[in-house]
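Participant: take a look and give me a structure for this.
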Amino acid sequence: MKRNWDPEKLHPDDPAQLEMRAQRKAKIMRRVAIVLCLLAGVGLGLLLRQCKPAEQSAKVFDADGLKLTLDARFQETGARDGFDRAYKANHMAAYVRKHGPETAAALEDYAAFSGAELGAEGTELHRENGLTWLEYSAVVGGEAQSCLAAFYPGSDGWWTVVFCCKDSRYESCRPDFLQFAAAVVSP
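Facilitator: Just a heads-up that it's a prediction; the model follows:
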């Protein structure tokens, strides 16, 4: 037989009513706990979705003839920040810019020109394993970024590829940036 619960008819000494009240509270607490667990699971799932682990497969992007090999997590984006092409991943970005052949006569001259254009004047130019690059800091969208800019001669001009990430992540991203830069194939 089901007992109706009516607060006006409560008797503080009636054990049946106290038992019913305790069962009702326990039922409400179980429902609250289930809802909180579901919300926590959804929140954790959304967080983990944004923090994808590095995928080992590579993806080749064609930036108007320049072949750029990046991790598969990179996607081309329309927000180019003044560059010809832009590719972004979870915490990294790569930008491509092309200049005409009249810009410079030699790769070192072009690197100096492009470095000044990027705001990296006076930065040491590195040459290693056929790669020419420089490292510099910039403020992008109000956030301090560390960048590695690599320079390439092309059949009809010069190319700059800039890899960027937050200052705090640069040391861990730098080996990837150098690997990406070494894999670039200019037309």
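
Participant: do you know the pLDDT at the residue nearest to Pro187 when sequence neighbours are not counted?
Facilitator: Of all residues not flanking Pro187 in the chain, Gly65 sits nearest, at 3.8 Å (C-beta to C-beta, 6 or more residues apart in numbering). The way it works is simple: take the backbone N, C-alpha and C, and place the C-beta from them, glycine included. Note on Gly65: pLDDT of 91.

Participant: contacting residues for Gly65?
Facilitator: Gly154, Ser186, Pro187 (C-beta atoms under 8 Å, 6 or more residues apart in numbering).

Participant: state the phi and psi torsions of it.
Facilitator: phi 110, psi -30 (degrees, to the nearest 10).

Participant: how about the secondary structure of the residue most central in space within the chain?
Facilitator: For the chain, the residue nearest the mean C-alpha position is Asn90 (2.0 Å; C-alpha atoms, centre = their mean). With DSSP: H, G, I helix; E, B strand; the rest coil as the basis, Asn90 sits in coil.

Participant: what does Phe163 give?
Facilitator: Quick answer, by three-state DSSP: Phe163 is strand.

Participant: show me what contacts the nearest residue to it once chain neighbours are set aside?
Facilitator: Nearest residue to Phe163, sequence neighbours excluded (C-beta to C-beta, 6+ apart): Phe177, at 4.0 Å. Neighbouring residues of Phe177 by C-beta under 8 Å, 6+ apart: Met92, Leu148, Phe163.

Participant: right, and Ala112 touches Thr123 too?
Facilitator: No - counting by C-beta atoms under 8 Å, Ala112 sits too far from Thr123 to count as a contact (9.7 Å).

Participant: can you find the helix or strand in this structure with the smallest mean pLDDT?
Facilitator: When the helices and strands of the chain are scored by mean pLDDT, DSSP states H and E, helix 15-50 comes last with a mean of 87.

Participant: check which residues of that one are buried.
Facilitator: By 16 or more other C-beta atoms under 10 Å, the buried positions in helix 15-50 come out as Gln17.

Participant: downstream of that helix, the next helix or strand is which one?
Facilitator: strand 58-63 (DSSP states H and E).

Participant: give me the residues contacting the longest strand seen in the chain.
Facilitator: Identified as the longest strand of the chain according to DSSP state E is strand 143-154. The contact list for strand 143-154 (C-beta under 8 Å, 6+ apart) reads 65-66, 98, 107, 110-111, 114-115, 118, 120, 131-139, 158-167, 170, 174, 177-178, 181, 184, 186-187.

Participant: what subset of those is buried?
Facilitator: Using 16+ other C-beta under 10 Å, the buried ones in these are 66, 98, 110-111, 114-115, 118, 120, 132-136, 138, 158-165, 170, 177-178, 181, 184, 186-187.
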